[in-house]
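**Student:** Pasted the sequence and its predicted model underneath.
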Amino acid sequence: MPKRSDLEQKALQFIVNNGYDGVLQSELWRKLGASSREGSRVAIKLEGKGLIRREKELCSGRWTYRLYPKRFPASIDLIADCPCLMCADNARCSSWATISPQNCEKLTKWLLRIAEEENGALGDS
């Protein structure tokens, strides 16, 4: 029988890998090869640590939970299209200069677009 911390780590990894769609708690138990009791305890423990959120869902006439990660691992893809990377003013840009991230229209538009995309993805789940 795997140690509880190993089971928690595997569960969290599986939940994160399912992304914004989340995963049904019952699917998690089967994937981990755990009993429903073990699966429930792991999910509750991960929720208590603030690593996932659980949302009640009716599936095939039975109540269960869908598990969603609260955070995703960082990826270079997240900043690949950041306007700062190719900005002609990059060398002169700083928080104490005339040209700064605080007053950059391109950066503001990019951040707002990312926020809208993230809110859309979270709203779809």
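**Tutor:** That came through, no problem.
**Student:** what's near enough to touch the closest residue to residue 54 other than its chain neighbours?
**Tutor:** Ranked by CB to CB, 6 or more residues apart in numbering and with sequence neighbours excluded, the top spatial neighbour of residue 54 is residue 65, at 4.3 Å. (Glycine included, C-beta is placed from N, CA and C.) Contacts of residue 65 were listed using CB atoms under 8 Å, 6 or more residues apart in numbering, and they are 24, 25, 43, 54, 55, 56, 57.
**Student:** Walk me through which strands the helix or strand where residue 65 lies pairs with, and which way each runs.
**Tutor:** Assigning secondary structure by DSSP states H and E places residue 65 in strand 62-69. Take DSSP bridges as the rule and strand 62-69 pairs in its sheet with strand 23-24 (antiparallel), strand 52-59 (antiparallel).
**Student:** So what touches the longest one?
**Tutor:** It stands for strand 52-59. Strand 52-59 has contacts (CB under 8 Å, 6+ apart) with 12, 15, 22, 24-26, 43-44, 46-47, 63-70.
**Student:** one more time with 6 Å, if that's ok
**Tutor:** The list of residues contacting strand 52-59 from outside it, by CB atoms under 6 Å, 6 or more residues apart in numbering, reads 15, 46, 47, 64, 65, 66, 67, 68, 69, 70.
**Student:** Near the last one, how many other residues are there?
**Tutor:** When you say that, I think you mean residue 70. As a burial measure, the neighbour count of residue 70 was computed by other CB atoms under 10 Å and equals 13.
**Student:** Check which residues of the lowest-mean-pLDDT helix or strand in the chain are buried.
**Tutor:** Per-element confidence for the chain was summarised using mean pLDDT, DSSP states H and E. The lowest value among helices and strands belongs to helix 105-124, with a mean of 81. By neighbour count, and taking 16 or more other CB atoms under 10 Å as the criterion, the buried residues in helix 105-124 are 107, 110.
**Student:** between it and strand 62-69, how many degrees?
**Tutor:** For helix 105-124 against strand 62-69, the angle by axes from the mean of the first three to the mean of the last three CA atoms, to 10 degrees is 160 degrees.
**Student:** hmm, back to that, output the contacts of residue 65 as CSV; include the columns distance to residue 80, pLDDT and neighbour count.
**Tutor:** Putting the contacts of residue 65 into CSV (distance: CB to CB, whole Å; pLDDT from 0 to 100; neighbours: other CB atoms under 10 Å) gives the following:
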residue, distance to residue 80, pLDDT, neighbour count
24, 32, 93, 16
25, 34, 91, 22
43, 33, 93, 22
54, 32, 95, 17
55, 31, 94, 11
56, 37, 94, 8
57, 34, 91, 13
